[in-house]
Structures are given as structure tokens and as C-alpha cells.
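A.B. asks: Below is the sequence, then the predicted model.
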Amino acid sequence: MRVVLAVCLSLGLLSGCRAATPAKSAPPVLPIGSVQGPGAQSPMLGQRVAVEGVAVYAGDPALPPAGLYLQSAAVDADPRTSDAIYVELPAGAPRYGRDQLLRITGTVIELGKGEDSM
């Protein structure tokens, strides 16, 4: 699946570092596969969601847009859904490294259109 979670509201590490205080109460944490959904677009498009996972690629800070790939720690066993998600970070966001466990809250968007979306 090709869903991007645009992080606009909060981003925090689960491993003891301080987390940003969201302006609104955080939504319940959803499995990444539920956010990705089985189709070409996320069933959560435009909604504010929270996901947890391990950063498997944190991107090159010299290359925009800044972002990371987040892999679910628990596989949902549904071959129609992806257990990873790309998270686009806002300008000036902290950089995170590989293997960090993160809980991320943001708004689901798609980059591109139809089958070519990400």
C-alpha cells in the first residue's frame, strides 16, 4: 500500500524521550495495516490517526522531503495490507534513527493519484 502519514500534530519516542504535547487528545493507536487498508488508497484518508512501529529507514536529512519508514512490530497476517508506512516529517522536525520505537500521530494523506499513489 502507498499511504503517507503526514505528521502535523505530534511525534514522540516510546523509549523514554519526551514527546510533543498534542493540541488535542491523541487518537487510539491503530495497527499500521488498518491505516494502509487493502485497497489503493487508505480507508483513513484525511483522518487523524496514531500508529506505533520501528523506524526502519530514517531518510537522508539532505534530501527533501524529510521522512521515515515505520514498520509495525506486530504483523497483521493480512496479505492485502502493508505493515509499514512512510511518515513525512514537517520542516525542522527532530531526526530519528533506525530501530527506534515510535508512536506517531498525524493526518493520513496520499502522495500521487490512484494506483501510482504513495
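C.D. replies: Perfect, I can see it now.
A.B. asks: What is the burial count for residue 84?
C.D. replies: 17 (other CB atoms under 10 Å). Backbone N, C-alpha and C define where each C-beta goes, glycine included.
A.B. asks: Which residue, other than its chain neighbours, is closest to it?
C.D. replies: Excluding its sequence neighbours, the residue lying closest to residue 84 (CB to CB, 6 or more residues apart in numbering) is residue 71, at 4.6 Å.
A.B. asks: ok, now how distant is the one you found from residue 38?
C.D. replies: 18 Å (CB to CB, to the nearest Å).
A.B. asks: What distance do you get for residue 31 to residue 46?
C.D. replies: Applying CB to CB to residue 31 and residue 46 gives a distance of 19 Å.
A.B. asks: the more surrounded of the two?
C.D. replies: For residue 31 versus residue 46, the count of surrounding residues by other CB under 10 Å is larger for residue 31: 18 against 9.
A.B. asks: in terms of contact, does the more buried one touch residue 74 like I think?
C.D. replies: Yes - here residue 31 reaches residue 74: they are 7.1 Å apart, a contact under CB atoms under 8 Å.
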